[in-house]
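J.: After the sequence you'll find the predicted model.
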Amino acid sequence: MAGKLVMYLQYPFVRYALIVGVLIALCSSLIGVTLVLKRFSYIGDGLSHVAFGAIAIASVLNVSNDMLIVMPVTVISAILLLRTGQNTRIRGDAAIAMISVGALAFGYLIMNIFSVSSNLSGDVCSTLFGSTSILTLTKREVWLCIIMSVAVAAVFIVFYNRIFAVTFDEGFAKATGTRADAYNLLIAVVIAVIIVLAMNLVGSLLISALVIFPALSAMRLFGSFRSVTICSAVISVVCAFFGIIISILAGTPVGSTVVAADVAAFAVCYVAGMIKGR
Amino acid sequence: MALLTVSDLSLGYDSHAILENLNFTVEQGDYLCIVGENGSGKTTLMKTLLGLQEPVSGKVEIGDELKKNEIGYLPQQTVVQRDFPASVREIVLSGCQGRCGLRPFYNKEEKKLAEENMERMEISDLADKSYRELSGGQQQRVLLARALCATRKVLLLDEPVSGLDPKVTIEMYRLIAKLNKDGITVIMISHDIDSAVRYATHVLHIGASVFFGTRDEYLQSDIGKFFLSHQKGSEA
């Protein structure tokens, strides 16, 4: 087993997959804590379906780099979703559900009508559940992912205190002179960037898992925002790392293996939390 | 110019006014108590004063010398907060956010201020505890300590003593009175009319009939006499 692993690690594509997977897991878990606490757990799902629709349009239009369409569309949807959610919770909830199913349906419809590929269901399936594309990353894509992840992590650290203030009590933050709207916008943009990046890893149906599971696991164990954030990042990175390794060794799909690892970690944390007496 | 001037203000939700034609001013150093029945719009008024909500009509003018980051605010607790994973220290420190300007992290003075305010509220021993594990009264004191961190000129309090036991309630009122003596303007919503008229310099009574004036004027007015005797009656 170990020998097989060492052999695999000599291939650059395996190393690329590990680097990208771990970075994406790190970023999604950082922002995940805020989203869960703001009661926006489902936004990852909604946005990833929007991204799916955008990918469908991009592939029909035959755009060489589909990021050019997917990224702006997802960012704009994120801004709209977080904005409606601020006023009344139910409206935000319904908006996410509407946009997410709508985009999913239209995406599939467009792909079906204007199909350019011979293997349509394979294309759809790999977009939804994550493809082997994480194992076929080019050097350029890896660098793009590294730069984006570092940017997301840097933004999170610099604005950590403000993100906390806005998450804990938006009204207070606003009343005492913090520009809460600006930070909500920032959170929306960051989550959109993460979703688009993460689609490579787990596909659009499973992204929510990457966003919410580490955060929920960490909340079982810790009581302060800082330790929850750190613990969530650690859990997410460990799960992504071992998920990818297991999937390579056992030949399972990458995305679902990583998510399964996250679910297992949640179960462990849940039990540990109960024993700890929360 | 007054710190806060409210003229012909109507407030409510979605352009449906629940309270109309409100006029009053708050001067530097005032202690204004807002009283009224449940559902008369006290919290809505406070949110409108803070700019969290658009008035239906009329306006709230804030004096030139008062900046947003000089205001402290004690809101009522939200459901989201009750099980929020954050330590007491993190929450109290977040009250200093307005002082930071463009600086991303808190400096030594702000951390010291947070420690001082925790001491003031007697929650220093809880500093590393998780907020969701505290009792309602303890949580209230955490939020007040946070408001104190933000306050430099004005403190707005929405039911500051709800959920507190009698002993702590008295301490809380003393503390607020002391802050007011130190020059901080206080605007407080209260159910507890007795304490309100004991400490306040001005009273704003909203509801079916509206009254605004000094404490003594309120005690002499019909509405004040009625409300005071009514509350005493219900307590006895």
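T.: Looks like it arrived, so ask away.
J.: Which element, helix or strand, includes B:Asp140?
T.: Heads up, residue B:140 is Gln, not Asp. If you go by DSSP states H and E, B:Gln140 is part of helix B:136-150.
J.: got the buried residues for that helix?
T.: B:137-150 (16 or more other Cβ atoms under 10 Å in any protein chain shown). C-beta coordinates here come from the backbone N, C-alpha and C atoms, glycine included.
J.: just checking: which of the residues you listed also lie near chain A?
T.: The subset of those lying close to chain A, counting by Cβ under 8 Å from any Cβ of the partner chain, consists of B:146-147, B:150.
J.: By mean pLDDT, which helix or strand of chain A comes out lowest?
T.: Counting by mean pLDDT, DSSP states H and E, the weakest-scoring helix or strand in chain A turns out to be helix A:120-129, with a mean of 71.
J.: quick one: that helix to chain centroid distance?
T.: 18 Å (Cα atoms, centre = their mean, to the nearest Å).
J.: Quick check: bridge partners of the residue of chain B found nearest chain A?
T.: For chain B and chain A, the shortest gap (Cβ to the nearest Cβ) falls at B:Ser130, measuring 2.6 Å. Beta-bridge partners for B:Ser130, by DSSP bridges, are B:Ser87.
J.: and it, what does it touch?
T.: By Cβ atoms under 8 Å, 6 or more residues apart in numbering or on different chains, B:Ser130 lies in contact with A:222-224, B:85-88.
J.: By neighbours, which of those residues wins?
T.: B:Val88 (29 neighbours; other Cβ atoms under 10 Å in any protein chain shown).
J.: so where is chain B shaky, pLDDT-wise?
T.: B:1, B:231-236 (pLDDT under 70).
J.: Quick one: the helices in it, in order.
T.: Counting by DSSP state H, the segments of chain B that form helices are B:42-49, B:79-82, B:88-94, B:97-100, B:108-120, B:136-150, B:166-181, B:193-199, B:215-220, B:222-235.
J.: One more: chain A?
T.: For chain A, helices defined by DSSP H occupy the ranges A:2-9, A:12-37, A:43-61, A:67-87, A:89-113, A:120-129, A:139-158, A:160-168, A:170-175, A:180-202, A:207-221, A:225-250, A:254-276.
J.: Which of these sits closest to B:Lys111?
T.: helix A:160-168 (11.7 Å; Cβ to Cβ).
J.: any chance of the helices of chain A in CSV, with distance to chain B too?
T.: Below are the helices of chain A laid out as CSV (distance: least, Cβ to the nearest Cβ, whole Å):
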stretch, distance to chain B
helix A:2-9, 36
helix A:12-37, 6
helix A:43-61, 15
helix A:67-87, 10
helix A:89-113, 10
helix A:120-129, 31
helix A:139-158, 5
helix A:160-168, 4
helix A:170-175, 4
helix A:180-202, 10
helix A:207-221, 5
helix A:225-250, 4
helix A:254-276, 11
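J.: Comparing those helices by mean pLDDT, which bottoms out?
T.: When those are compared by mean pLDDT, helix A:120-129 comes last with a mean of 71.
J.: Flag every buried residue along that helix.
T.: Buried residues in helix A:120-129, defined by neighbour count with 16+ other Cβ under 10 Å: A:123-124, A:126-129.
J.: Check these against A:Pro253 and report the nearest one.
T.: A:Phe129 (6.5 Å).
J.: ok, and the closest non-adjacent residue to the closest one?
T.: A:Gly203 (4.3 Å; Cβ to Cβ, 6 or more residues apart in numbering or on different chains).
J.: separation between the one you found and A:Ala56?
T.: Taking Cβ to Cβ, to the nearest Å as the measure, A:Gly203 and A:Ala56 are separated by 14 Å.
J.: again with A:Leu185
T.: For A:Leu185 relative to A:Ala56 (Cβ to Cβ), the value is 27 Å.
J.: show me what contacts the closest residue to A:Ile246 other than its chain neighbours?
T.: Once flanking residues are discounted, A:Ile246 sits nearest to A:Thr257: 5.5 Å by Cβ to Cβ, 6+ apart. By Cβ under 8 Å, 6+ apart, A:Thr257 lies in contact with A:243-244, A:246-247, A:250.
J.: Check A:Cys239 too.
T.: A:25, A:214, A:258, A:261-262, A:264-265.
J.: ok, so of those residues, who is nearest A:Leu197?
T.: Minimum distance to A:Leu197 across the contacts of A:Cys239 is 10.5 Å, recorded for A:Ala25 (Cβ to Cβ).
J.: related to what we said a few turns ago, can I get the least confident helix or strand of chain A in PDB? Just the C-alpha atoms.
T.: Output of helix A:120-129 as PDB, limited to C-alpha atoms (Å, rounded to 0.1, in the frame of the first residue of the first chain):
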ATOM      1  CA  LEU A 120     -23.700  14.000 -22.900                       C
ATOM      2  CA  SER A 121     -24.700  12.100 -19.800                       C
ATOM      3  CA  GLY A 122     -21.000  11.600 -19.000                       C
ATOM      4  CA  ASP A 123     -20.500  15.400 -19.200                       C
ATOM      5  CA  VAL A 124     -23.400  16.200 -17.100                       C
ATOM      6  CA  CYS A 125     -22.500  13.600 -14.500                       C
ATOM      7  CA  SER A 126     -19.000  14.800 -14.200                       C
ATOM      8  CA  THR A 127     -20.100  18.400 -13.800                       C
ATOM      9  CA  LEU A 128     -22.500  17.400 -11.100                       C
ATOM     10  CA  PHE A 129     -20.500  15.000  -9.100                       C
END
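J.: If the most centrally placed residue in chain B is in a bridge, with which residues?
T.: Taking Cα atoms, centre = their mean as the criterion, B:Leu157 is the residue nearest the geometric centre of chain B, at 1.0 Å. Taking DSSP bridges as the rule, B:Leu157 bridges to B:Leu74, B:Met188.
J.: Let me see the contact set for it.
T.: B:73-74, B:144, B:147, B:176, B:186-189.
J.: Looking at those residues, state which has the most neighbours.
T.: Ranking the contacts of B:Leu157 using other Cβ under 10 Å puts B:Tyr73 first, with 28 neighbours.
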